[in-house]
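Trainee: need a 3D model of the following:
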Amino acid sequence: MKRTGLGISLFYEMRYDHQGKEIEDFILNTDPFNKSKILVAGDNFGCGSSREYAPWSLKDFGISCIISTSFADIFYNNCFQNGILPIVVSADNSKKLMELASEKKEFDIDLPSQTIRVEDTSINFDIEEYRKQRLLEGLDDIGITMNYEQNISDYELKQKNNKPWIFKDV
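Mentor: This is a model prediction of the structure:
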C-alpha cells in the first residue's frame with residue numbers, strides 16, 4: 001500500500017456527499033483551510049484511528065501539525081512515525097486557538113522553541129526531546145537505525161568471527 005494518494009480520503013464522509021461531490025461548506029473544503037498545514041482539532045483526536053492510514057491521509061492532505069487537548073495513544077505515536085507533530089494544549093488554549101483559526105489568523109509552530117504563535121498570542125507546548133529531534137531531522141525508526149549502520153556491521157562481523165555456526169546454511 002502506498003502512503004500517497006490518501007489525502008482525498010481525509011474526513012471523506014464530511015468532505016463529500018454520497019455521490020462524491022465536495023461539500024462546499026465543510027471547513028477543509030474552504031479557502032484558506034483547504035491548504036492548511038496545521039489542524040486545530042477537538043478532544044481525543046485520532047480516537048478509533050489505530051492504523052497508519054489516518055496519519056497518511058493527513059500527511060498527504062498537507063497537514064504536518066495537529067493541535068488538540070488530547071490524542072488517542074496509537075494515533076499519537078503514529079503521527080511521529082509519519083512526520084506529523086501532534087501538540088497537546090489545555091482546554092482554554094484550545095478554545096483560544098480555535099477562535100483564532102476561525103478568524104483565519106496565521107499560525108506559526110516553532111518546534112525548536114516549542115511554541116505556537118498566532119499574532120500576539122504565544123503558547124508553549126511540551127514534547128519529548130527525542131521526538132522533537134526525530135521530527136527536526138526527519139527521521140523515523142528506520143532512519144534512526146541507519147544512523148547505526150557501521151555499529152551494526154561491526155557487531156555482525158564480530159558475531160561471524162566469534163560464533164560462526166550461527167551463520168552456516170542449514
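Trainee: for the lowest-mean-pLDDT helix or strand in the chain, give me every contacting residue.
Mentor: For the chain, using mean pLDDT, DSSP states H and E, the weakest element among its helices and strands is helix 141-146, scoring a mean of 88. Outside of helix 141-146, the residues within contact range by Cβ atoms under 8 Å, 6 or more residues apart in numbering are 81, 134, 137, 152. All C-beta atoms are positioned from the backbone trio N, CA, C, and that covers glycine.
Trainee: grab the nearest non-local neighbour of the first one.
Mentor: What it means is residue 81. Using Cβ to Cβ, 6 or more residues apart in numbering and skipping the chain neighbours, the partner closest in space to residue 81 is residue 140 (5.6 Å).
Trainee: did I read that right, residue 60 in a helix?
Mentor: Yes: membership of residue 60 in a helix is supported by DSSP: H, G, I helix; E, B strand; the rest coil.
Trainee: hmm, back to that, what sits against the residue nearest to residue 81?
Mentor: Going by Cβ under 8 Å, 6+ apart, residue 140 touches 81-83, 134.
Trainee: one step back: helix or strand right after the least confident helix or strand of the chain?
Mentor: The first helix or strand that comes after helix 141-146 along the chain, using DSSP states H and E, is helix 149-162.
Trainee: tell me the contacts of residue 22?
Mentor: For residue 22, the contact set (Cβ under 8 Å, 6+ apart) comprises 15-16, 29.
Trainee: for those residues, give me TSV that also has secondary structure.
Mentor: Shown next, in TSV, are those (three-state DSSP):
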residue	secondary structure
15	helix
16	strand
29	helix
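Trainee: domain ranges for the chain?
Mentor: 7-127, 140-170 (automatic domain parsing).
Trainee: show me where pLDDT drops low in the chain?
Mentor: Along the chain, segments meeting pLDDT under 70 span 49-50, 170.
Trainee: show me where it has strands.
Mentor: 38-40, 65-68, 85-88, 107-110, 115-118, 121-124 (DSSP state E).
Trainee: enumerate every residue touching residue 111.
Mentor: Applying Cβ under 8 Å, 6+ apart, we find residue 111 in contact with 85, 127, 132, 135-136.
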